[in-house]
Structure formats: structure tokens, C-alpha cells
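Engineer: next input, structure requested:
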Amino acid sequence: MPPRKKPPAKSKFQARKNADPKVHLAPYLNYLEAECGMAHNTLSAYRSDIVQFLDWYCKQKPRAFSDVDLKFLSKYLQHLNKRKLAATTIARHLASIKLFFRYLVLEGILAESVADLVNSPKLWNYLPKVISPEKVNELLMAPCKRDRYPLRDRAILAMMYATGCRVSEVVNLPLSAIKLEEGYARCIGKGNKERIVSLNPVAVAAVEAYLNHERPHMIKRNQAEQSLFLNRGGKQLSRIMVWNIVKKNAARIGCSKEVSPHTLRHSFATHMMAGGAEIRALQELLGHANIRTTQVYTHVDHSRLKAVHQMYHPRG
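Structural biologist: The predicted structure follows:
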């Protein structure tokens, strides 16, 4: 009998085609953290989106990533629609998938990304909810003696409104980042980008009162903690705790249940626009990477538009 021919060895590309698609998950997340500099919360969101996509992917007919086409990805978007997810959530899922496929291209696993050809669902332009300057003043005074740490709670509220910081940026502030005499703080935003935020006199006074009267007692339980805002155990305050502080004090002054820490950020931006702030300056203060994110506040400030109309229109 003639000698039996050996089957040709699988190429590197064929081996990749037959590999478990989830083997790319860990390297992809490392890429987002190490090379893209994503913040922890953003990284968690992207991880959740891709895990859901890969779980669904593995339940479909086996195919290589190189065989994925528009029809296949559209089927996944239909799957998300059937779950009755909001358009904004579906758009975020799609953004996560697009970045994942771009990573596969960078790694040489794919020649090109078909995901970039998929259109995001159209989104309504939801206007952010804000509260008036008068209500903000009431909110800052709402913490009282019934609270365990009223000075800390007031300092948090004053800091968030004075700077427009995200709640994650506030809880991650180290004590060394606060310069009360100079009236500013250094915060780390999305993508680990540092920016300077100004502290108004109200915020400076509130933080000073907290540092002088409450934090020294809290830090006794954990001398090594460097975070500015602490819980009763002397550890860094959590985002959930800040959420509860805002909700509790907003309810005291009769605000809507929809008021959240982000409402203070929206209110800061809207009131800045009403005061005449330039949109580029506001973009820097908020730490927005894209000016389009900041432009939403130009639609919110109806009072300023009305004043401009009255000032410059010949029949104003």
C-alpha cells in the first residue's frame, strides 16, 4: 500500500478561526485598561457588554469572527431590541462591539471590521434635568444634626455643585488634591485625564468645616486612608453612599425623586452657561472629550437665548 499522506497542518489563521471566541476577552480588557486608559467604571461597562455579546455569539451557529457580516450583527441588535432595552443602551452595546472588532483588527485576527458599517440607533436628544440656583442653596443647607456627618454631606454637595465633577471623581479625590487656600482641586476624570477644577468660597468653607470637625474623628479608625471623603469606618466613601446623600437631602427640600448626583453636574453646567461661560471653557471644566457632549447645555439654557434675542433683535 502506498504510504498514507499526512493531513496538512493547520495554519495560524485557521487555528484562530477554530479558537474559543472568549479567549480574546481578557487580552481585550487589558488593552482597554493599559493602552486606552479607560477608567474602572467605563471598563466594567465595556466588559459587561462584550460578555453579553460573546455569550449570545456562542449560542449561534459556529462561525469565525472573519465570517461575521452585517446580517449577523443586525440579528444581535434585534436580540437587544427584544429585551426592550433603551435606544441609548443599545447604542452603547454597539459602541462596545465596534471597539472590540477594531481590537481584533489591530491584533491581526481580522483583516477589517464589518462592525464599523453598522449604524447606531437614532437617539432622542434628552435634555438633562436641572434645579434652580435657589433650590441648590436649599440643598446645600439641607444636611442637619439628625445626620451622622452633616458637615461631610454638606461638603460633598457643595463640592459637586462648585466643580461639576462626576460622583466617581469626587469619591476618588485624595486629600492631597485639595488646595483650599488657592481655591482649586485636581481631579482625575475619564481616561485618567487630570484637570483643574475651581472651588468657590461656599465649597471652601464647607470642606474646611468637615476637615476641622469631622474627618479627624473618622480617620482615627484608618490612619492610612488618603481619600478626602470617608465613611464612618474611616474608608473611602462609595458612589452609592454619595447617591444616598443626594437623594436624602433632595427629598428634604421637596425636589423630584429624579434628582441624583448627576443633576448637580447638569445644574452646574446650565448655570455656568446662563452666566455667560463660553462652551469651550465649559467643555474643559466638565472634562468632556468631545464638544458635542457639552453642546446639549446650549439647548437647556432658554433664559439666555431669550435675553440674547431681546438684546439683538430689532423688534426685541
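
Engineer: where do the strands sit along this structure?
Structural biologist: With DSSP state E, the ranges of strands along the chain come out as 178-179, 184-188, 194-198.

Engineer: check contacts around the residue nearest the centre of the chain.
Structural biologist: Nearest residue to the geometric centre of the chain (Cα atoms, centre = their mean): Thr42, 6.4 Å. Taking Cβ atoms under 8 Å, 6 or more residues apart in numbering as the criterion, Thr42 is in contact with Lys190. From N, CA and C alone the C-beta is placed, and that goes for glycine too.

Engineer: any idea how far Val170 is from the nearest residue to Glu169 once chain neighbours are set aside?
Structural biologist: Distance criterion Cβ to Cβ, 6 or more residues apart in numbering; nearest residue to Glu169, sequence neighbours excluded, is Cys187 at 4.6 Å. According to Cβ to Cβ, to the nearest Å, Cys187 stands 8 Å off from Val170.

Engineer: what about Ser170, neighbour count?
Structural biologist: One thing to correct before we go on: residue 170 is Val, not Ser. For Val170, the neighbour count with other Cβ atoms under 10 Å is 24.

Engineer: could you do Arg47 as well?
Structural biologist: 17.

Engineer: once you drop chain neighbours, what's closest to Arg280?
Structural biologist: Computed as Cβ to Cβ, 6+ apart, the closest residue to Arg280 that is not its neighbour in sequence is Ile291, at 7.2 Å.

Engineer: domain ranges for the chain?
Structural biologist: Listed by automatic domain parsing, the domain ranges of the chain are 19-117, 133-311.

Engineer: any chance of those in CSV, plus mean pLDDT?
Structural biologist: Shown next, in CSV, are the domains of the chain (pLDDT from 0 to 100):
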stretch, mean pLDDT
domain 19-117, 87
domain 133-311, 89
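
Engineer: of those, flag the one that's most buried.
Structural biologist: Ranked by mean neighbour count under mean count of other Cβ atoms under 10 Å, the domains of the chain are led by domain 133-311, which reaches a mean of 17.

Engineer: from the chain's centre, how far out does it sit?
Structural biologist: Chain-centre distance of domain 133-311: 15 Å, with Cα atoms, centre = their mean, to the nearest Å.

Engineer: begin at 22 from now on, thanks
Structural biologist: Sounds good: first residue 22 from here, last item domain 154-332.

Engineer: any idea what the residue nearest to Glu190 is bridged to?
Structural biologist: Beta-bridge pairing for Cys208 (DSSP bridges): Arg216.

Engineer: which residues sit in contact with it?
Structural biologist: For Cys208, the contact set (Cβ under 8 Å, 6+ apart) comprises Thr184, Cys186, Glu190, Val191, Asn193, Leu194, Ala198, Glu215, Arg216, Val218, Gly308.

Engineer: go with 6 Å
Structural biologist: Cys186, Glu190, Val218 (Cβ atoms under 6 Å, 6 or more residues apart in numbering).

Engineer: kindly report the same for His292.
Structural biologist: With contact taken as Cβ under 6 Å, 6+ apart, His292 is in contact with Pro154.
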